[in-house]
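In: Sequence first, predicted model second:
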Amino acid sequence: MTAVVEGTANANDTSQIPAPDGSVTVTVKIQRFNPEVDSEPHWESYDVPALPTDRVLNLLINIKGYVDGTLSFRRSCAHGICGSDAMQINGINRLACKVLVKDLLAGGGRRAGKTRQGKPTTITVAPIKGLPVMKDLYVDMEPFFEAFRAVKPFLITYGNEPTNERIQSPADRERFDDTTKCILCACCTTSCPVFWSDGSYFGPAAIVNAHRFIFDSRDEGAEERLDILNDAEGVWRCRTTFNCTDACPRGIQVTKAIQEVKRALLFKRV
Ligand code: SF4
Ligand code: SF4
Ligand code: FES
């Protein structure tokens, strides 16, 4: 990752952004990078009106709509479901559509601003780490999805076609319930220090998605996936630092899932 240089603070005219009753002024400091003109990323700041109940995504949409249409970021559902707007907000991986301004103002989060009542506060927004930045806040997700595809994240069966649906007990379903919640946002993988230092590590998200099928009683591909994850870049690279679990916006026990996969490899049974 290249060095980050400071841009001119507050040079952007935000006066056209509507300021509803009850809004406060928030400084949104965004890491900008346009590969066509910039040799390295820089920071730009925008003083914008914000309601406590605004999501950070609202602020970004206002900046793009009223101040600088070239600001680039991904988003789709805006409701914490599609996983496309993962970014570092105040230094922590989160979904911009799930973080409320009031949680940042009130000191929510480990590194939130130390704002005094009525004073502007600063919210920093930067792309997730460890994946190539394409422009501003969006990154090339291909290495992430390559690892996801490599663990065969689909049901594998060999013969024995059932004539009805594949029956599963509630207890068997429970074994992988947590890992079905993954939305592939990459918050976990891009908060992992092992992934930062070696992009060829599969990363926690790929392991979570392997877990989802390895422990599914209807699946017959556990051995293949475990072989893949037994690789030099597989589960054994995990240092159990729990960054991934802390980062997951779906509350998935990511590190626990990784430990379960390690145990399945050690004891050769799922
Ligand atoms: S627990 Fe393992 S996978 Fe998760 S962040 Fe730490 S090293 Fe990475
Ligand atoms: S495990 Fe959680 S943080 Fe990781 S990709 Fe899935 S939803 Fe995102
Ligand atoms: S925009 Fe879909 S999860 Fe945030």
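Out: Noted; the coordinates are in hand. Ligands and ions are numbered 1, 2, ... in the order given.
In: ok, how many other residues are close to the nearest residue to Asp13 once chain neighbours are set aside?
Out: The shortest distance from Asp13 to any non-neighbouring residue, by Cβ to Cβ, 6 or more residues apart in numbering, is to Val67 (6.7 Å). From N, CA and C alone the C-beta is placed, and that goes for glycine too. Residues within reach of Val67, counting by other Cβ atoms under 10 Å, total 18.
In: downstream neighbour of the worst-scoring helix or strand of the chain on mean pLDDT in the secondary structure list?
Out: None of the helices or strands of the chain scores lower by mean pLDDT, DSSP states H and E than strand 5-6, at a mean of 40. Sequence-wise, the next helix or strand downstream of strand 5-6 (DSSP states H and E) is strand 24-32.
In: Now do the buried residues in that next one.
Out: Using 16 or more other Cβ atoms under 10 Å as the burial criterion, the residues of strand 24-32 that qualify are Val24, Val26, Thr27, Val28, Lys29, Ile30, Gln31, Arg32.
In: What is the longest helix that the chain contains packed up against?
Out: Longest helix in the chain by number of residues (criterion: DSSP state H): helix 254-267. Judged by 3 or more Cβ pairs under 8 Å, 6 or more residues apart in numbering; DSSP states H and E, the packing partners of helix 254-267 are helix 204-214, helix 222-229, helix 243-247.
In: need the ones you listed in TSV with mean pLDDT, mean neighbour count and distance to Trp43, can you?
Out: Formatted as TSV, the helices and strands packed on helix 254-267 follow (pLDDT from 0 to 100; neighbours: other Cβ atoms under 10 Å; distance: least, Cβ to Cβ, whole Å):
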stretch	mean pLDDT	mean neighbour count	distance to Trp43
helix 204-214	98	28	28
helix 222-229	97	18	39
helix 243-247	97	22	23
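In: distance of the residue nearest to Asp13 from ligand 3?
Out: Per Cβ to the nearest ligand atom, to the nearest Å, Val67 is found 20 Å from ligand 3.
In: Contacts only, for that residue.
Out: Shown in contact with Val67 (Cβ atoms under 8 Å, 6 or more residues apart in numbering): Asn12, Asp13, Thr14, Gln16, Ile17, Tyr46.
In: on that earlier part again, go through the buried residues of strand 24-32 and name the one nearest ligand 1.
Out: Ligand 1 has its nearest neighbour among these in Gln31, at 22.1 Å by Cβ to the nearest ligand atom.
In: for the residue nearest to Asp13, phi and psi?
Out: phi -120, psi -50 (degrees, to the nearest 10).
In: Any of the contacts of Val67 buried? List them.
Out: For the contacts of Val67, a burial check counting by 16+ other Cβ under 10 Å picks out Asn12, Thr14, Ile17, Tyr46.
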